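S.K.: let me see the structure of the following:
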Amino acid sequence: MKQFTFMRSLRNKLLLSLVVLHLAMIGGVAWYFFHCYGDMMGTMKDDQLEKIADVWSSSQSMPALMPLDPPQDKPKSAFIVQLWDTHNHLSASSWPALHAPLQPKRGWSDLRIGDCGDDCQWRVYTRPGESGSAIGTIQVLHNIGYMKDLMVKRVLSALIPLILIMPLSLLLIWLIVRAITRNLLIASRQIAAQESLHPHTVSSDRLPDEVLPLVAAYNALLDKLRAAWSSQRQFLEDAAHELRTPVTAVTLQLENLRQHIQPGEARRQFDQLEAGVTRTRHLVTQLLNVSRQEDRSVVVSLETLELDDVLKESIEQLMVVADKRGIDIGYSGSTHYRLQASRSELRTLFDNVIGNAMLHTPEGSMVDVLLHRVGNHTVVDIVDNGCGMPESFLERAFDRFTRSPDVQAQGSGLGLSIVRSVAQKHNMQVALSNCLTPQGKRCGLQVRVTLP
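M.R.: Reported below is the predicted structural model:
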């Protein structure tokens with residue numbers, strides 16, 4: 001089930017809280033206004049009922065009342081006057097169609113006439129006539145349902161400004177929150193765009209105060225990571241330099257000793273020793289390359305290069321390995337590409353990629369280096385006929401000291417890490433993909449370098 005994340009957003013929380021607050025405020029105002037306005041209207045109507053009854057009570061004779069003329073709603077908005085004689089018989093009524101009984105007690109009372117909801121509810125004021133008058137009792141009524149309808153209309157008219165303010169308030173708070181979250185998004189993009197080995201401090205400019213402790217904690221963590229990576233880089237560089245001299249000396253001594261080794265078991269063990277020293281020398285060289293790539297204080301010299309020439313130099317440099325293993329290395333350049341880059345770093349990149357291809361492909365097979373266009377980009381593809389890599393390992397292949405479990409050839413596990421570092425520095429992209437047979441079986445590895 002997909003996790004419900006709506007309320008995890010600060011913007012959504014603020015907007016929802018504002019909606020609830022506005023609805024509660026509208027409900028509270030409606031309730032308060034309805035009851036206050038109802039009390040005021042009820043008191044005023046009661047006073048009017050009493051005054052109308054008092055006026056009629058001063059009459060000594062029984063007057064004739066002119067009946068109200070429909071429409072039906074008109075009588076409900078007016079005061080209905082009933083005059084009763086001293087024998088409690090209805091003598092005159094301003095609305096004869098209303099059959100309201102005489103109330104037994106003096107004063108105000110509520111009366112239901114019929115069964116039609118609030119429209120059948122009436123407020124009645126009853127008082128006796130003056131002594132000696134033909135009018136025994138005066139009864140004045142007004143319709144409660146009409147008054148409630150009037151109250152509802154007044155309440156709705158009072159709520160219209162609040163209802164109109166609600167979307168404006170939501171828009172205002174949305175714009176404010178958007179401005180705040182925009183700064184947070186900018187900070188998150190800065191964090192996402194950082195290089196893993198060279199992170200920089202996140203700026204706290206224009207960020208809300210509530211987020212500043214988190215930014216400060218993150219920057220403090222980055223300082224610790226930079227210090228740790230700096231110590232690690234210094235260790236690699238120092239170790240590589242310390243090992244370089246004795247390994248070089250051992251290599252020279254092996255060269256001098258070679259002519260004195262007799263054929264047979266001694267020669268076989270000597271070849272194994274020489275191969276181990278060669279691997280150690282290669283590892284030292286790779287460690288130096290890693291430390292140089294991570295040291296951003298070193299300023300490399302850029303020059304305008306023809307990529308075709310750099311690739312040919314790398315292939316020529318590795319022809320000795322190709323001839324030794326019987327590998328047919330082919331080159332095809334169907335396009336030309338010129339770029340501003342460091343020649344030594346580009347050579348490091350392509351020497352590692354092409355060297356890996358020749359190291360991991362079977363003896364007597366082929367390695368192809370292709371410079372061509374794919375869509376709108378110029379790319380360099382290095383394709384071998386080796387065993388490829390498991391799909392789950394392709395992304396991890398660029399990590400340091402990481403080797404595919406299917407690879408049998410010797411290596412340091414640093415080559416692709418160096419390749420990625422050089423590529424990022426020159427705004428290139430490196431991707432690995434397996435070559436597949438029509439039956440879906442791996443039959444090689446393709447390394448694609450997409451140029452900027």
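S.K.: contacts only, for Leu90.
M.R.: Applying Cβ atoms under 8 Å, 6 or more residues apart in numbering to Leu90 gives the contacts 82-84, 102. Just so you know, the C-beta spots here come from the backbone N, C-alpha and C atoms, and that holds for glycine as well.
S.K.: and the two most separated of those residues?
M.R.: Spatial extent of the contacts of Leu90 (Cβ to Cβ) is set by the pair Leu83 and Leu102 at 10.7 Å.
S.K.: of the two, which one has the most company?
M.R.: Leu83 (23 against 14; other Cβ atoms under 10 Å).
S.K.: SS state for that one?
M.R.: Look at Leu83: counting by DSSP: H, G, I helix; E, B strand; the rest coil, its state is strand.
S.K.: host element of the nearest residue to it once chain neighbours are set aside?
M.R.: Distances taken as Cβ to Cβ, 6 or more residues apart in numbering place Ala92 nearest to Leu83, at 4.3 Å, with adjacent residues excluded. Per DSSP states H and E: Ala92 is located in strand 90-93.
S.K.: which residues sit against the next helix or strand along the chain from that strand?
M.R.: Downstream of strand 90-93, the next assigned helix or strand under DSSP H and E is strand 107-112. Residues outside strand 107-112 that contact it (Cβ under 8 Å, 6+ apart) are 46, 49, 100-101, 103, 120-127, 141, 144.
S.K.: now do the helices in the stretch 301-450 of the chain.
M.R.: According to DSSP state H, counting those that start in this stretch, the stretch 301-450 of the chain carries its helices in the segments 307-317, 319-325, 343-360, 415-425.
S.K.: who wins for proximity to Leu212 among those helices?
M.R.: Smallest distance to Leu212 across these (Cβ to Cβ): 30.5 Å, for helix 415-425.
S.K.: for the stretch 151-300 of the chain, what spans make up the strands?
M.R.: Ranges of strands in the stretch 151-300 of the chain, per DSSP state E, counting those that start in this stretch: none exist.
S.K.: name the SS class of Ile135, please.
M.R.: Here Ile135 is coil, with the state taken from three-state DSSP.
S.K.: I'd like to know how many residues surround it.
M.R.: The number of residues packed near Ile135 is 22, by other Cβ under 10 Å.
S.K.: so it sits against His89, correct?
M.R.: No - the criterion here is Cβ atoms under 8 Å, and Ile135 misses it with His89 at 11.6 Å.
S.K.: if we can go back for a sec, okay, the helices of the stretch 301-450 of the chain in JSON lines with distance to Trp108, mean neighbour count and mean pLDDT next?
M.R.: Formatted as JSON lines, those follow (distance: least, Cβ to Cβ, whole Å; neighbours: other Cβ atoms under 10 Å; pLDDT from 0 to 100):
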{"stretch": "helix 307-317", "distance to Trp108": "102", "mean neighbour count": "17", "mean pLDDT": "87"}
{"stretch": "helix 319-325", "distance to Trp108": "113", "mean neighbour count": "12", "mean pLDDT": "82"}
{"stretch": "helix 343-360", "distance to Trp108": "99", "mean neighbour count": "21", "mean pLDDT": "83"}
{"stretch": "helix 415-425", "distance to Trp108": "89", "mean neighbour count": "21", "mean pLDDT": "79"}
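S.K.: thinking again about what came up before, now, the contacts of strand 107-112 that are in strands?
M.R.: 121-127, 141 (DSSP state E).
S.K.: per-residue confidence at the residue nearest to Leu83?
M.R.: According to the prediction, Ala92 has pLDDT 86.
S.K.: who's in contact with Thr378?
M.R.: Here Thr378 is in contact with 307, 335, 337, 371-372, 450-451 (Cβ under 8 Å, 6+ apart).
S.K.: gap between it and Leu371?
M.R.: Distance, Thr378 to Leu371, by Cβ to Cβ, to the nearest Å: 7 Å.
S.K.: joint contacts of these two?
M.R.: Shared contacts of Thr378 and Leu371 (Cβ under 8 Å, 6+ apart): 307, 335, 337.
S.K.: tell me the bridge partners for the closest residue in space to the second one that isn't next to it in sequence.
M.R.: Read it as Thr335. Counting by Cβ to Cβ, 6+ apart, Arg373 is the residue found nearest to Thr335 once chain neighbours are left out, at 5.3 Å. For Arg373, the beta-bridge partners under DSSP bridges are Thr378.
S.K.: ok, now which residue in the protein is the farthest from the centroid?
M.R.: For the chain, the largest distance from the centre (Cα atoms, centre = their mean) belongs to Gly132, which lies 87.9 Å off.
S.K.: look at the closest residue in space to that one that isn't next to it in sequence and tell me its secondary structure.
M.R.: Nearest residue to Gly132 in three dimensions, chain neighbours excluded: Gln60, at 6.7 Å (Cβ to Cβ, 6+ apart). Counting by three-state DSSP, the backbone at Gln60 sits in coil.
S.K.: among the contacts of Thr378, which ones are in strands?
M.R.: Of the contacts of Thr378, the ones assigned to strands by DSSP E are 371-372, 450.
S.K.: out of those residues, who's the most crowded?
M.R.: Neighbour counts for the ones in strands among the contacts of Thr378, by other Cβ under 10 Å, peak at Leu371, which reaches 22 neighbours.
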